[in-house]
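K.L.:
sharing a model prediction with you, sequence too.
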Amino acid sequence: VSGAKKAKTDKDDNNTNGLATCRMLLAELEAHQDAWPFLTPVNHKAVPGYRKVIKKPMDFSTIREKLTNNQYLNLETFIVDVNLVFENCERFNEDDSEIGRAGHRMRSFFDKRWTELLK
Ligand SMILES: Cc1ncccc1N[C@@H](C)c1ccc2c(c1)OCCO2
């Protein structure tokens, strides 16, 4: 029993619609040390202006819920939601802020992992 995760590709017939890849990628996003601002929905009552500025809120727990409820058709629809997390972060937070920097680090981590898995 090895702990190493097998990198899945579309060739894997058991990886229907890339959902195994989605589960793998989401687990890594959730476990990342810079994930803390993105783990739960932004409480718009606690964050002035958020509801007005951010039209489509998204966070990792909502993505987890959607994945569990089989709401992602394929890898592409999953990627759209993950990128929404980072786009919302860049729209609302200064680049030079704790949350802004965490967002940039999470986005580059995700892009790196995603392109690695694509190969
Ligand atoms: C991703 C994001 N963008 C803009 C605002 C907030 C957040 N994240 C929330 C969870 C959040 C992150 C950090 C917090 C916080 C809430 O409320 C209190 C202090 O620190």
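P.N.:
That came through fine.
K.L.:
OK, now which residue of this structure is nearest to the ligand?
P.N.:
Nearest residue of the chain to the ligand: P37, at 3.9 Å (CB to the nearest ligand atom). Every C-beta, even on glycine, is put in place using the N, C-alpha and C of the backbone.
K.L.:
touching, that residue and R101? I think so.
P.N.:
No: the pair P37 / R101 is not scored as a contact, 10.0 Å apart, by CB atoms under 8 Å.
K.L.:
F109 - nearest residue in space that isn't next to it in sequence?
P.N.:
Closest residue to F109 apart from its sequence neighbours, by CB to CB, 6 or more residues apart in numbering: H32 at 6.1 Å.
K.L.:
count of residues packed around the one you found?
P.N.:
By other CB atoms under 10 Å, the residues close to H32 number 18.
K.L.:
phi and psi next, for it.
P.N.:
For H32, the backbone dihedrals (degrees, to the nearest 10) come out as phi -70, psi 140.
K.L.:
max-length helix in the protein?
P.N.:
In the chain, taking DSSP state H as the definition, the longest helix is helix 98-118.
K.L.:
how far off centre is that one?
P.N.:
Averaging C-alpha positions (CA atoms, centre = their mean, to the nearest Å) puts helix 98-118 9 Å from its chain's average.
K.L.:
how about it and the ligand, touching?
P.N.:
Yes: Helix 98-118 reaches the ligand (CB under 6 Å from any ligand atom) through I99.
K.L.:
near the ligand, which residues of the chain?
P.N.:
Counting by CB under 6 Å from any ligand atom, the chain sits next to the ligand at P37, F38, T40, V42, A46, V47, C89, F92, N93, I99.
K.L.:
redo those residues as CSV? Include secondary structure and pLDDT.
P.N.:
Shown next, in CSV, are those (DSSP: H, G, I helix; E, B strand; the rest coil; pLDDT from 0 to 100):
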residue, secondary structure, pLDDT
P37, helix, 98
F38, helix, 99
T40, coil, 98
V42, coil, 98
A46, coil, 97
V47, coil, 97
C89, helix, 98
F92, helix, 98
N93, coil, 98
I99, helix, 98
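K.L.:
which of these has the most neighbours?
P.N.:
Neighbour max across those (other CB under 10 Å) = F38, 25 neighbours.
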